[in-house]
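I'd like to go over a predicted model; first the sequence, then the structure.
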There are 2 protein chains.
Amino acid sequence: MLDIHVAVAKVAHHGGGESGDTLETIERPGGGFSFVLVDGQGTGRGAKTLSNLLATRAISLLKDGARDGAAARAVHDYLYTYRMGQVAATLNILSVDFQSGKILISRNNPAPFFVIDPEGVTSHNEPSMPIGLQPMIKPMITELPVRAYTYVVIFTDGLLRAGERYGEDIELLNYLSAWPVMDGRSPTEMSEEILRRAMELDRGEPGDDMSIVVLAVLPGVETSSIRRLSVRAPFEDPTWPSPE
Amino acid sequence: MLDIHVAVAKVAHHGGGESGDTLETIERPGGGFSFVLVDGQGTGRGAKTLSNLLATRAISLLKDGARDGAAARAVHDYLYTYRMGQVAATLNILSVDFQSGKILISRNNPAPFFVIDPEGVTSHNEPSMPIGLQPMIKPMITELPVRAYTYVVIFTDGLLRAGERYGEDIELLNYLSAWPVMDGRSPTEMSEEILRRAMELDRGEPGDDMSIVVLAVLPGVETSSIRRLSVRAPFEDPTWPSPE
């Protein structure tokens, strides 16, 4: 038995209040899960509205059984049609498909993603365009087997730019290369540690919205088939004056 | 600052492989979160397909900004129209709405839900019908303020029936009455403990699908506005023969 465990952490750029990135997750109708991560062009309310619209479109298609590549193409076509090629967004879809027994990563994002397994770290940086700007954009699709001690790390480009203002670099590849893959540590540990490093590099005031998704396939620890989900967020009270 | 923390645990009835319950969560377009829990009539693939269709409908409406009561009514109308009053399902929507600053519980479910706060435990068991069987069914809607040390517990009826075959009862109200509300314990502790008790009463072989959702409002511990999500599930390998 194998356990699938996915951890997500999201932080808004300093002073923004709200992250422009949108992350949604659904249960696939044929079995398994998908995570949709959208980073809309721009900042603030406009970027958030855009990423929300696109993520909604993607999860609706996936919930209706559309394959990941078709969903990514349709979301691109929607954005390209209604914003007439003027607005861009990045779109990543990370799925664990129980029907085919595969992990699928669909990427419309110049930022790479990483896979860590017992053989080492692989940076998937095949050229990939964001959606919205040109006709007929296609996602880069990567298929991986579901095997124990596999980690998949996807993120929005804000993460790579942590520390940029101070001439520093997060050196994510170095960090991931040193990850003790056979220890079976939880993806939450990884996402928290990466986010902590990014926040430190930005001196606690992130220059951009940052989102990170870490999937881990680990040996199963339980005999019963229990599924768990946990969501945690600060409450943004609209009646409280902002501290700024 | 307050923290919103929601924990979900789901288990399929013994030998069923797949839970007929569907739980989906979305970020609300105006800010906040919604959790949709559907228990479709029957068991196995048919019940799962039904609950998946209904949950999909509900999250699509909520992502488009529909208010919770309208979403519940529309999902009922959809089921009633296309299954001609022949098929029932229970539907709970639990939302934290950042715009109004409220917790909203929309319930089409004979099973009650519980609220635990410093004043004690409240069982919300106002009469409520499942969706699908009669025209013009409405949800019971409860509004609560977002206040520290508030827990909301919703579940599918399988949980209440744990131990039934052995003449035992989960006595959820007793358990919740003894919850040390001011200790600020995580909702994960509560959902895990309740699920463990239910599994024990069913001697490790649940007689029905069981899902439990626990929301907690607790004093905030972090200064930065980080959102977290975690999903964990056993991998159901389609190529492995089932042990049964």
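Done, it's in.

CA atoms for contacts and neighbours, from now on please.
OK.

what's the lowest-mean-pLDDT helix or strand in chain A in contact with?
Of all helical and strand segments in chain A, the minimum by mean pLDDT, DSSP states H and E falls on helix A:157-160, at a mean of 92. Helix A:157-160 is contacted from outside by A:111, A:169-170, A:172, A:198, A:207-212, using C-alpha atoms under 8 Å, 6 or more residues apart in numbering or on different chains.

neighbour-wise, which of the residues you listed leads?
When neighbours are counted by other C-alpha atoms under 10 Å in any protein chain shown, A:S211 leads the contacts of helix A:157-160 with 29 neighbours.

let's verify that residue: helix, strand, or coil?
strand (DSSP: H, G, I helix; E, B strand; the rest coil).

now for it: which residues touch it?
So A:S211 contacts A:8-11, A:21, A:155-156, A:158-159 (C-alpha under 8 Å, 6+ apart).

how far out from the middle of the chain is the lengthiest helix in chain A?
Using DSSP state H to define each element, chain A has its longest helix at helix A:44-63. Relative to the chain's own centre, helix A:44-63 is displaced by 14 Å; criterion: C-alpha atoms, centre = their mean, to the nearest Å.

can it be found next to chain B?
Yes: with C-alpha under 8 Å from any C-alpha of the partner chain as the criterion, chain B is reached by helix A:44-63 at A:49, A:52, A:56, A:60, A:63.

now render the contacts of helix A:157-160 as CSV, adding pLDDT.
Compiled in CSV, the contacts of helix A:157-160 are given as follows (pLDDT from 0 to 100):
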residue, pLDDT
A:A111, 96
A:D169, 92
A:I170, 93
A:L172, 95
A:A198, 95
A:G207, 88
A:D208, 89
A:D209, 91
A:M210, 94
A:S211, 96
A:I212, 97
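
and the nearest residue to A:L79 once chain neighbours are set aside, how many neighbours does it have?
In space, and not counting its chain neighbours, A:L79 is closest to A:G132: 5.2 Å by C-alpha to C-alpha, 6 or more residues apart in numbering or on different chains. For A:G132, the count of nearby residues is 26 (other C-alpha under 10 Å).

can you name the two of the residues of helix A:44-63 next to chain B that sit furthest apart?
Greatest spatial distance among the residues of helix A:44-63 next to chain B (C-alpha to C-alpha): A:T49 and A:K63, at 20.9 Å.

which one's more surrounded, the two?
With neighbours defined as other C-alpha under 10 Å, A:T49 and A:K63 compare such that A:K63 has more, 22 against 17.

what sits against the more buried one?
For A:K63, counting by C-alpha under 8 Å, 6+ apart, the contacting residues are A:26-29, B:56.

go again with 6 Å.
If a contact means C-alpha atoms under 6 Å, 6 or more residues apart in numbering or on different chains, then A:K63 has A:P29 as its contacts.

same thing with A:P145?
Listed by C-alpha under 6 Å, 6+ apart, the contact partners of A:P145 are A:K102.

same check, this time on the one 5 residues further on
Contact analysis of A:T150 by C-alpha under 6 Å, 6+ apart lists A:116-117, A:216-217.

over to it: give its phi and psi.
Dihedral angles of A:T150 (phi, psi; degrees, to the nearest 10) stand at phi -120, psi 130.

can you lay out the contacts of A:T150 as CSV showing pLDDT, secondary structure and distance to chain B?
Output for these, formatted as CSV (pLDDT from 0 to 100; DSSP: H, G, I helix; E, B strand; the rest coil; distance: C-alpha to the nearest C-alpha, whole Å):
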residue, pLDDT, secondary structure, distance to chain B
A:I116, 98, strand, 19
A:D117, 97, strand, 17
A:A216, 98, strand, 10
A:V217, 98, strand, 9
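
return the closest of those with respect to A:V36.
A:A216 (16.6 Å).

can you count the residues close to the closest one?
Neighbour tally, A:A216, other C-alpha under 10 Å: 29.

that one contacts A:Y151, correct?
Yes: under the criterion of C-alpha atoms under 6 Å, A:A216 makes contact with A:Y151 at 4.4 Å.

if A:P145 is in a bridge, with which residues?
A:P145 forms beta bridges with A:K102, as assigned by DSSP bridges.

how close does it get to chain B?
11 Å (C-alpha to the nearest C-alpha, to the nearest Å).

enumerate the residues of chain A near chain B.
Contact residues (C-alpha under 6 Å from any C-alpha of the partner chain) of chain A with chain B: A:2-11, A:226-235.

can you say which of those residues are buried?
A:2-11, A:226-235 (16 or more other C-alpha atoms under 10 Å in any protein chain shown).

just those: which are in strands?
Using DSSP state E, the subset of these located in strands is A:2-11, A:226-234.

which parts of chain A are strands?
So, for chain A - with DSSP E - the strands run A:2-11, A:21-27, A:32-40, A:89-97, A:102-108, A:113-117, A:120-124, A:140-145, A:150-155, A:210-219, A:226-234.

ok so, going back, list the buried residues in the longest helix of chain A.
A:44, A:47-63.

what is the rounded mean pLDDT of it?
Mean pLDDT, helix A:44-63: 95.

between it and strand B:21-27, how big is the angle?
Angular relation of helix A:44-63 and strand B:21-27 on a 0 to 180 degree scale: 160 degrees, by axes from the mean of the first three to the mean of the last three C-alpha atoms, to 10 degrees.

between helix A:44-63 and strand A:32-40, how many degrees?
Following the same axes, to 10 degrees, one obtains 150 degrees for the angle between helix A:44-63 and strand A:32-40.

now the residues of helix A:44-63 next to chain B as JSON lines including distance to A:T188?
Below are the residues of helix A:44-63 next to chain B laid out as JSON lines (distance: C-alpha to C-alpha, whole Å):
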{"residue": "A:T49", "distance to A:T188": "28"}
{"residue": "A:N52", "distance to A:T188": "24"}
{"residue": "A:T56", "distance to A:T188": "25"}
{"residue": "A:S60", "distance to A:T188": "27"}
{"residue": "A:K63", "distance to A:T188": "26"}
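
what's the pLDDT at A:S95?
Taking A:S95 on its own, its pLDDT is 98.

can you check A:H14 too?
A:H14 is given a pLDDT of 83.

now do the one 5 residues further on
For A:S19, the model assigns a pLDDT of 80.

and for the residue nearest to it when sequence neighbours are not counted, the neighbour number?
Excluding its sequence neighbours, the residue lying closest to A:S19 (C-alpha to C-alpha, 6+ apart) is A:A12, at 4.1 Å. Number of residues near A:A12 (other C-alpha under 10 Å) recorded here: 25.

ditto for A:L23
When neighbours are counted by other C-alpha under 10 Å, A:L23 comes out with 24.

quick one, what contacts it?
Counting by C-alpha under 6 Å, 6+ apart, A:L23 touches A:36-37.

so what's it bridging to?
The partner residues for A:L23, given DSSP bridges, come to A:L37.

over to A:K10?
With DSSP bridges applied, A:K10 shows beta-bridge pairing to A:S211, B:R227.

give the contact list for it.
A:K10 neighbours (C-alpha under 6 Å, 6+ apart): A:210-211, B:226-227.

okay, now the unreliable bits of chain A?
A:16-17, A:237-244 (pLDDT under 70).
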